[in-house]
Each structure stands twice: as structure tokens, then as C-alpha cells.
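Peer 1: Need the 3D shape of this:
(chains A and B, ligands or ions: 1)
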Amino acid sequence: MRVFVHDGSFDGVLTAVFDAYSRRAFPDVLSREGEGLPLFCDEVHDVHTDEAKAGRVWRALQKKLSARSLASLGLCWFSEQPGAAGWIFRYVCKVVDSSVSIEGNWADKDVRTVLQWGRKVASERERLLQFLRFQKMADGVFFAAVEPLYNVLPLAVSHFRARFNDQVWLVYDVRRRYGFYYDRATVEEVSFPEPPEGLKGGWLDPSLSAKDERLFQDLWKTYFKSVAIRERLNVRLHKQNMPVRFWKYLVEKR
Amino acid sequence: MVNESMISKLRVLVEAAKYDVSCASSGVSRRSHAGQLGNAAAWGICHSFSEDGRCISLLKIMLTNHCMYDCAYCVNRRSNDVPRATFSVSELVELTIEFYRRNYIEGLFLSSGVVRNPDYTMERLVRVVKDLRQKHRFNGYIHLKSIPGASRELVDEAGLYADRLSVNVEIPNEQSLRMLAPEKDFKSVFTPMAYIQQGILQGKEDARRFRHALRFSPSGQSTQMIVGATPDSDRDILRLSSALYARPTMKRVYYSGYIHVNRYDTRLPVPATPPLVRENRLYQADWLLRYYYFQVDEIVDDSFPNLDLDIDPKLAWALRHPEFFPVDVNKACYEELLRVPGIGVKSAQRMVMARRFSSLGMQELKKIGVVVKKARYFIVAPGQDSRLLPDLGAARVRSLLSAPGAVRKAEGLQLKLCFES
Ligand code: SF4
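Peer 2: Residues are numbered from 1 along each chain as shown, chains lettered A, B, ... in the order given. Below is the predicted model:
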């Protein structure tokens, strides 16, 4: 059995593809550095991530794939799934080997997996755009805590930056302990070795909140309650559209 | 300025506005600008879902629920004894901005009861949207409900700031409308609709000629019909929808199952529950008109003036037309695939793509997302082993497919409604 060990980056996987073609030897297993090696491996190749090699593979893909499929590949990577490197590797090889476009081939397992995971990650990103809630802090910064299933915060930053272009904001991933801060000019990644103080379950301590923050939260709760039509109550659908795992971060559902 | 007293006002004015079902915030993309607030995503974003399962995308609210008219089907009618409230222009502007900054909403859906006269009311609505756009440089989505009877000048001005304008038909038949809404007739509805249409078309023409032309209601117009308040049939409703869609700027017709807000009014029925199933069937039929290449007379006609409540309109059509089936999934064209119950727009597109690579059997269809349980009576494909519609007969297929637990997909519809324009 032949194993390729990569460093766990997207470029690392693309470099692995490059190496496989230049060595004319394809791995049976892709393994991430630090993961134990499988039993019975008789050949181990260490992939040295190389931007130039990865770039060549990417450009080859750009020639053969639509923007949408390229996006799916990238999104699939953010799924943080243990199998993601393997799906991407095999998908890329299939694209390289085929003389016709494979991207619409729903009957192929790898093509389907990449599309499906791409969609799952995209929809988790979408949910961030839907359900993230800002709280205004006393110093005027708009703060939001989130806890997405996959690591999608980096994929959402451009949206928030475009939309809330004239306000200072900080979005914080509670589970992964990092976030992004925007100061009306640039976005910066910030990490928090310790959970920030004054934050309980994602909510700011009232002493840190802007004076009218509470009022606007109450107004929004009032809106939410009043807009439902009693004759049409449908709690099942309500939960299906707004899964319970988001509730603790939603003003209107706390 | 915004203070605790706003809470009770807000409650009143939301209660007053919530029966308007339109929720879409999509159909337009408005770019963000450096140093300004907001943009509009072309696909629309639902920021919350109320406990009736409906999408909350816009702050749907009335500027005032005082009204000098007396429409029988409306909570806000003059003769109703309900709490009344009015927002000032600046209160509503601030509320919109603050909600938007917290990512609660995509924008504003503003309407109003008629006070003093249509133009007075319309002018105040225009002031809200103008302030949002000009004073606050707000680029979020704005849907404005035009006041019936408002002057052309005001409609024209509103179109410069709003992304979408609408005028609700409410009742699909002029006679019924006059009976229920003595101050309204079709003219008061269709005249502003025509103004909007002219504005949009003129705006497009200007955009071709001048680089900096202002956009006029770029997301078109929409309207709403109340279902079940009058004896009008689904054929009456859908024929009107189909005629409205034939106009170049009509983007959406919404259907709102009648809720008896005014129980004592003897001109109106008192249904125990709102006709949600019928409403749902109308939306399905509406989709067939817009995305499935159906003509209205194929869905309802003089011998079938009402939609079948037990099965969806596409299945109903299929059962009336056994001669069209079976459809060969590997040969049929896109439009033919769309006629098969269990095959939707997405799966039909995927099938057309996927069969370029290999022939499609039942296994592949399942993976593509076809509802095979439903489609199998209507198609031929390798691995297909059930008997077909022409052989089984319509009654048998109908009973097989309406068995409990056979296929249930209808409820997700409301969500989808909000996402497409
Ligand atoms: S004009 Fe509008 S708000 Fe007034 S009663 Fe009629 S439907 Fe209601």
C-alpha cells in the first residue's frame, strides 16, 4: 500500500496531485501529518507543499472546470471532514484524466460527494448570513458570536464587509476561538487563546452593551412575536427552517 | 426619540401588516458602496422564521393603521375597533436602520392605511424611503406598497427609491371586489400598476441611453390575491395571474389564504381554518405557469375549474393525460421531463447533464434527486420494474400515490417562495 502524507492544507492536497502525476505513482491512501499511518504500508511519500506546484494544478483545473465546480471544490475543503482530502484528490485526478468535462456527472461517486459537500458547506455559510446577530457595544463596535458546524466564517467575511461597510464589527467563532475584526478599512483575523471576558453563552454582559442595545433587542423580539399568524402556527416547519442549534445565539429565540 | 413607547406602537403596526404574505427580498442585487450601509443579495436572505414557519426577511410594517376605507377583508378597516398607531417618518427610518445594522433584516416592506387622501398618505411613504436612501445612504432592500389612487407623480418618485413596488389586487373579480371594498374598483388597482409598469420600462430605456440613469423599481412589481374570501374559483384566480404574468414587469403573484379577521361581517365566510391546502395548490400551479411551461388552461378549465386538493396540480394533469406517458428519461427533451410527476426543475436539469455521460437507470435517478416513488409510474428507464400509468389506469395510480406517507413535500414551499424572485 502506498501512502502520501500531506500537511493538511488545500495547497498540500493539490501538491499531492502534482507529485502523483510527476512520479506516475498514485497513493492508495492520503494521510494528514500527525495522523497515524495505516498498517501494511510499504511506501510512504512526504508531500512538501509547494505553492508553485499547487498553482499549476489549480490553473489546469480552471481550464477544465466551471467557476461553480471550482467553488464546490474549495467549499468542500472547508467541511473539515476527515475524508475531504481524498475526495478532492480523486476528483481532481478524474478531471485531469478525462478528455470531456466530468462536472455534470452526478452518477459518479466522487463528483457527487464533492458537489454534495460543497453544497452543505455553502448552506452552512448561508445560515451564518441568515442567523448571525450583532450586538452593539458601548464603544460602538458591533459584535456577534457564532458557532458554525464547519469552518465557514472566513467564507462569510466578504459579505459582512460589503454590507456593513460603514460600521466597525467583530465576528467571533466560539468553538474555534477566532474571529475577524473590521475597522471600516480592513478586515483582520484575530484569535482568542482564552474565551473573551464579559461574554456569556455568546451574549455580552449588559455593562459592555450600548445604552439602547437592550431596547432594540426588545423591539426585535416584539416584532418576531407579533408577526406570526396564530391561525397558521406550524412549529415543525419553524424548527426545520431555523434549527434549534442556532437558537441560543438568536435574540428572538433566547 | 426611539424609546419604550415604540414597543407598543410596533406591536400594533406589525399586527396590522402581517397578513400581507409577500416576503421575497430577492430579484435585485444592489451593490454596496464604500462607507455606506447595506446591499441587497440577488437571492434574498431569510433572517428568521416566525412560529408559523414563514420566512422573515423584511421589516414588514405599516406607517399607520388608521384607514378611511372599509374593506371587508381587512383588519384595519375604518369600522373595526382595533388599537391604532402611527409612526413618525424618523422613527420608522431609525428602526429600519438599527434592525438592519444588527443583521435582523434585509430591508423594509412598507405599507400604510389611507389617511386624509391617497396622495397625502403616499407622500409620507415616499418620505420614508427617500430619507433612507438619501439621508442615510441606505442600500438595503425596499419594497413599497403603493396606495390605490395615488397620483402618478408620487408613484414615479417612489419608483426611484424602492426596489419593488406593489399594488394588491386582493379579489380576482371586479364585482366581488366592489362588494367587499366599496371604495375600490379594478381601476384603482390597475391604474397604479400601469404607472409602475411604464416607470420600469421607461427606466430601462433611459438606462440604455444614459449611463447614469436612475433605476426605477429594479425588482419589478408584485401583487397579492386573497383566496377563499369570495366564491371565485381557482380558474378565475389563475387566469388573472397568467394575464398578469404576461405583463413585462409583473414578477410575482402571491396568494393569501383568507383568515376571518372580521368575523361579524356577513358578506364573508367564516372558515374554521384558513384554506392553507388550497393556497399551497395555487402556489404549485403558479410554479407550473412560470417554470414548467404549462398554459393556464392545462391546469384548470371549465370542466375542472378548481384544483384538486388531494394531489398536486402536476400529478392531476398527468392523470388526466395518460396518452403523454410513459416518458423515456434517456431520450425525452427537457420540457417533457418537466411534465413527469416527481421530476422538478433541478432534477430535470441534472438529468439532461448526466445522461451525456451514461444512460440513466432507476438508481441514478434516485441519486440525482428524482422522487422515484412518484415518477416510476410515468417513465421508462433501465431497472424500471413497476407497471405504468397507461396500463394501471389513473384511478389506481392516484390511490397508490395518495396513500398515507406516499410523498410529502409541500411544506417546504413557503421557504422556497422567499428565495426565488
Ligand atoms: S385600504 Fe388597505 S388598509 Fe384600508 S381597509 Fe382597505 S385594505 Fe385595509
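Peer 1: B:K367: how many residues sit nearby?
Peer 2: 17 (other C-beta atoms under 10 Å in any protein chain shown). For glycine as for every other residue, the C-beta is placed from the backbone atoms N, C-alpha and C.
Peer 1: That one is in what secondary structure piece?
Peer 2: Counting by DSSP states H and E, the element that carries B:K367 is helix B:362-368.
Peer 1: Check which helices and strands that helix sits against.
Peer 2: Packing partners of helix B:362-368 (3 or more C-beta pairs under 8 Å, 6 or more residues apart in numbering or on different chains; DSSP states H and E): helix B:345-354, helix B:372-375.
Peer 1: right, and those - which one's nearest chain A?
Peer 2: Taking C-beta to the nearest C-beta, helix B:345-354 is the member of the helices and strands packed on helix B:362-368 nearest to chain A, at 3.3 Å.
Peer 1: That closest one and chain A, any residue contact?
Peer 2: Yes. Interface with chain A: helix B:345-354 contributes B:350, B:353-354 (C-beta under 8 Å from any C-beta of the partner chain).
Peer 1: thinking again about what came up before, tell me the mean pLDDT for the helix holding B:K367?
Peer 2: Helix B:362-368 shows a mean pLDDT of 88.
Peer 1: just stretch B:388-403 next, same as before
Peer 2: 86.
Peer 1: which outside residues touch it?
Peer 2: Applying C-beta atoms under 8 Å, 6 or more residues apart in numbering or on different chains, the contact partners of stretch B:388-403 are B:310-311, B:315, B:318-320, B:322-323, B:325-326, B:341, B:374, B:377-378, B:380, B:406-407.
Peer 1: ok, which stretches of chain A are strands?
Peer 2: In chain A, the strands defined using DSSP state E lie at A:2-6, A:29-32, A:43-46, A:135-136, A:142-146, A:169-173, A:178-182, A:187-191, A:199-200, A:203-204.
Peer 1: who does the fifth one pair up with?
Peer 2: Strands adjacent to strand A:142-146 in the sheet, as given by DSSP bridges, are strand A:135-136 (antiparallel), strand A:169-173 (parallel).
Peer 1: what's the answer for the second one, then?
Peer 2: Looking at strand A:29-32 with DSSP bridges, its partner strands are strand A:2-6 (parallel).
Peer 1: hey, C-alpha coordinates of the partner strand in CSV?
Peer 2: Taking C-alpha atoms only, strand A:2-6 is exported to CSV below (Å, rounded to 0.1, in the frame of the first residue of the first chain):
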residue,chain,number,x,y,z
ARG,A,2,1.3,3.5,-0.9
VAL,A,3,0.6,6.4,1.4
PHE,A,4,1.0,10.2,0.7
VAL,A,5,1.4,12.3,3.7
HIS,A,6,0.3,16.0,3.3
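Peer 1: quick one: low-confidence ranges for the stretch 301-421 of chain B?
Peer 2: B:403-421 (pLDDT under 70).
Peer 1: which residues in it form helices?
Peer 2: B:313-320, B:334-338, B:345-354, B:362-368, B:372-375, B:389-392, B:394-402, B:413-419 (DSSP state H, counting those that start in this stretch).
Peer 1: Quick check: which of those is buried the most?
Peer 2: helix B:313-320 (a mean of 22; mean count of other C-beta atoms under 10 Å in any protein chain shown).
Peer 1: Alpha carbons of it, as PDB, please.
Peer 2: What follows is helix B:313-320, C-alpha atoms only, in PDB (Å, rounded to 0.1, in the frame of the first residue of the first chain):
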ATOM      1  CA  PRO B 313     -51.700  20.100 -10.000                       C
ATOM      2  CA  LYS B 314     -48.900  18.500 -12.000                       C
ATOM      3  CA  LEU B 315     -49.900  15.000 -10.900                       C
ATOM      4  CA  ALA B 316     -53.500  15.900 -11.600                       C
ATOM      5  CA  TRP B 317     -52.600  16.900 -15.100                       C
ATOM      6  CA  ALA B 318     -50.600  13.700 -15.600                       C
ATOM      7  CA  LEU B 319     -53.500  11.600 -14.500                       C
ATOM      8  CA  ARG B 320     -55.800  13.300 -17.000                       C
END
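Peer 1: between that helix and helix B:394-402, how many degrees?
Peer 2: 150 degrees (axes from the mean of the first three to the mean of the last three C-alpha atoms, to 10 degrees).
Peer 1: chain center to helix B:313-320: distance?
Peer 2: On the basis of C-alpha atoms, centre = their mean, to the nearest Å, helix B:313-320 sits 23 Å off its chain's mean C-alpha point.
Peer 1: okay, now the closest residue to B:K346 other than its chain neighbours: neighbour count?
Peer 2: Closest residue to B:K346 apart from its sequence neighbours, by C-beta to C-beta, 6 or more residues apart in numbering or on different chains: B:G369 at 6.5 Å. Per other C-beta under 10 Å, the neighbour tally for B:G369 reads 15.
Peer 1: Look up which residues are beta-bridged to the residue nearest the centre of chain B.
Peer 2: By C-alpha atoms, centre = their mean, chain B has its centre lying nearest to B:Y254, at 3.3 Å. On the basis of DSSP bridges, B:Y254 is bridged to B:Q224.
Peer 1: my guess is it contacts B:Q221, does it?
Peer 2: No. In this structure, B:Y254 is not within contact of B:Q221 by C-beta atoms under 8 Å, at 11.8 Å.
Peer 1: which residues are common contacts for those two?
Peer 2: Counting by C-beta under 8 Å, 6+ apart, nothing touches both B:Y254 and B:Q221.
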